[in-house]
Each structure stands twice: as C-alpha cells, then as structure tokens.
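[1] Sequence isn't available, so here's the structure alone:
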C-alpha cells in the first residue's frame, strides 16, 4: 500500500475526471487519477463538432489535450482500473498493482454505449451508425434515419432528429417507446413513425448504411431504407458505486445533489455520464468542475489531517 494519503482520488480519465483533476491540481490538492484516456468514450467518438471554442476535432485529439493540460500540475495519473473501494476513516482504493488511500473520491467512470451486437453495427460505425443523436444528428439533415431504443432518452432523441431529418423510423422491442412524458409530442410530429415489437437483426449497405432489417412481432421480417441508424440507451458504469453503497436511480445512474455533485456517501462525489442527464462532453466538463470545487470545500471543512 502507498503510504501517501491523497486529498482527492478521481476514478475515470474522461472529460469529467480530467476536468476534476485540473481543478484539484490547480488548487494544490494532492490528487490521483485512475483510468486510461484511450478507454474513454470520447477517445472513440470520431469527429467532435459541438464542443465550444473548437469547431471540429477528433475525439482522441481532444482528450489528449485534456490530458496534456492536467500533466502541467502535480497530479498522479495511474492508467489502472479500480477493482474495489473500502470506506473507513479514509477511502482505500484497490488496483491490480497496489492500494491507495484518499480523503475524498470523485467517481467519473462514464457510461458505455448500448450495443445491439448485430451484423453491420461495427462495420458502419461513423459510416451511418451513431450512438449519439445530439452529436451526429446534424450530419443527416433532410435524410431518412432509424432510431433504435426505448424510454425517455430514445423519445427525446427521436424528437431532436425529427427537427433535422426528413423521416425518423423509431424501432423498439417494447410495445411502444415507453415514454409517456413525450407521447403527445411524438404523436404530433409528422416525421416520426414508431414501430413496436420490432427486433433489429442487421444493418446493411455497401460503403455506408443503406438499410436496416428487423423482425416484427417475432414473425415478419421487414426492411427500411435509411441513411443513418442511431442506437440509444447508454449504460452507466456504476458497479463500483453500487458496491460502495451509493444510491442509484431507476436507470442505474448515480444519484447526485446538483450543483454540488454530492452523493449519499459523505466524501464521495460523482460527475459526467455516470450521473443522469444528457451524455455530452460539455455537461461532463461542467459537472467535473463542480465536483472538484465541492471536494475542495469538503476537505477544507472537514480539516482532515494530511
């Protein structure tokens, strides 16, 4: 076990985690970050064109810029994953390479895309397949697209795409989208067609997406000609949070008190895609900054000896 006790341990090296690290480093808090920037969603995001101040940049280049800026400060970056956290007077964080102790923890483990695991999905990523309607919707202005998923997030994405695309085919394995809050708006849109009991089986095309195949009511196979397929429903990485006893909402996101980003466990904060709300870099950055500032306040208020 490392003898050093850190002020803040940050789990996750994506936009939220590295923003927290930047703020903590600049505040001269002893800070350690666990995670690999190349495993973050932004590193696999392709071209980013909705981050303020930067017109267009590959996701991998943007996260590397975050990383370079953090390295200007006395922040310990450990490219290992946390396997377990133990809570006591201090937090003990376990990795495959050793144990570390900290006075506070910021969880910024992000989320992973919901994958369909069907033929054509991987082949057409960035060639018509997208996991983020807000990120990539503008690329399909005036085009016919399919949206796969259910729940409020899928409904909001369908409505967003309907403002850009000529037609949105919403496919769900459920009876309907199961988004009663948006039902009226969905019905009012002439560009959205919802098909329930539809299991998507393949995404096809030559160089780019050209069609999507699905089975209706477990019997009839159908095909829709589309130029884009949006797969909605990110899954938050909250395994560690659950083991620590942190409250999760019905969708598995960490419950936080905004804007402080506090959780039900004193000294534990959370930020980014692991919490509820839109999955956007700007949101992750804002929450990461807020979590860091409130961790600083917590450390000062508690007066925990170094």
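    Ah, there it is. Quick caveat: nothing in here was measured; it's all calculated off a predicted structure.
[2] Strands of the stretch 151-300 of the chain, start to end?
    All strands of the stretch 151-300 of the chain, identified by DSSP state E, counting those that start in this stretch, fall at 167-171, 192-195, 198-205, 209-216, 220-225, 228-231, 235-236, 268-270.
[3] Against which helices or strands is the shortest one packed?
    Spelled out, that is strand 235-236. strand 111-112 (3 or more Cβ pairs under 8 Å, 6 or more residues apart in numbering; DSSP states H and E). No exception for glycine: its C-beta is placed from N, CA and C like everyone else's.
[4] Buried residues, the top strand by length along the chain. List them.
    When the chain is parsed with DSSP state E, its longest strand is strand 98-107. Across strand 98-107, burial judged by 16 or more other Cβ atoms under 10 Å covers 100, 101, 102, 103, 104, 105, 106, 107.
[5] which outside residues touch it?
    With contacts defined as Cβ atoms under 8 Å, 6 or more residues apart in numbering, strand 98-107 is touched by 1-2, 4-12, 17, 20, 32, 78, 85, 90-93, 240-241, 246, 254, 261, 263, 267-271, 274, 288, 291-292, 295, 298-299, 302, 304.
[6] Now a PyMOL select for only the buried ones of those.
    Buried members of those, defined by 16+ other Cβ under 10 Å, are picked up in PyMOL with:
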select buried, resi 5+6+7+8+9+10+11+12+17+20+32+78+85+90+91+92+93+240+241+246+254+261+263+267+268+269+270+271+274+288+291+292+295+298+299
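[7] Other residues contacting the lowest-mean-pLDDT helix or strand in the chain?
    When each helix and strand of the chain is scored by mean pLDDT, DSSP states H and E, strand 235-236 comes last, with a mean of 76. Outside of strand 235-236, the residues within contact range by Cβ under 8 Å, 6+ apart are 109-114, 251-254, 273-275.
[8] next one: stretch 198-209
    Here stretch 198-209 has contacts from 116, 118-121, 123-124, 127-129, 148, 171-173, 210-216, 218, 221-222, 226-229, using Cβ under 8 Å, 6+ apart.
[9] First-to-last residue distance for stretch 247-259?
    Distance between the two ends of stretch 247-259: 17 Å, counting by Cα to Cα, to the nearest Å.
[10] list the buried ones in that stretch?
    Neighbour count says stretch 247-259 has 248, 252, 253, 254, 256 buried, by 16+ other Cβ under 10 Å.
[11] now stretch 200-219
    200, 203, 205, 209, 210, 211, 212, 213, 214.
[12] could you pull out the helices for this protein?
    In the chain, helices defined by DSSP state H lie at 15-26, 59-70, 133-136, 152-162, 183-188, 239-244, 281-302, listed in chain order.
[13] And those helices: which comes nearest residue 52?
    Of all the helices of the chain, helix 281-302 sits nearest to residue 52, with 6.6 Å by Cβ to Cβ.
[14] and that closest one, how far out from the chain's middle?
    Counting by Cα atoms, centre = their mean, to the nearest Å, helix 281-302 is centred 18 Å from the centre of its parent chain.
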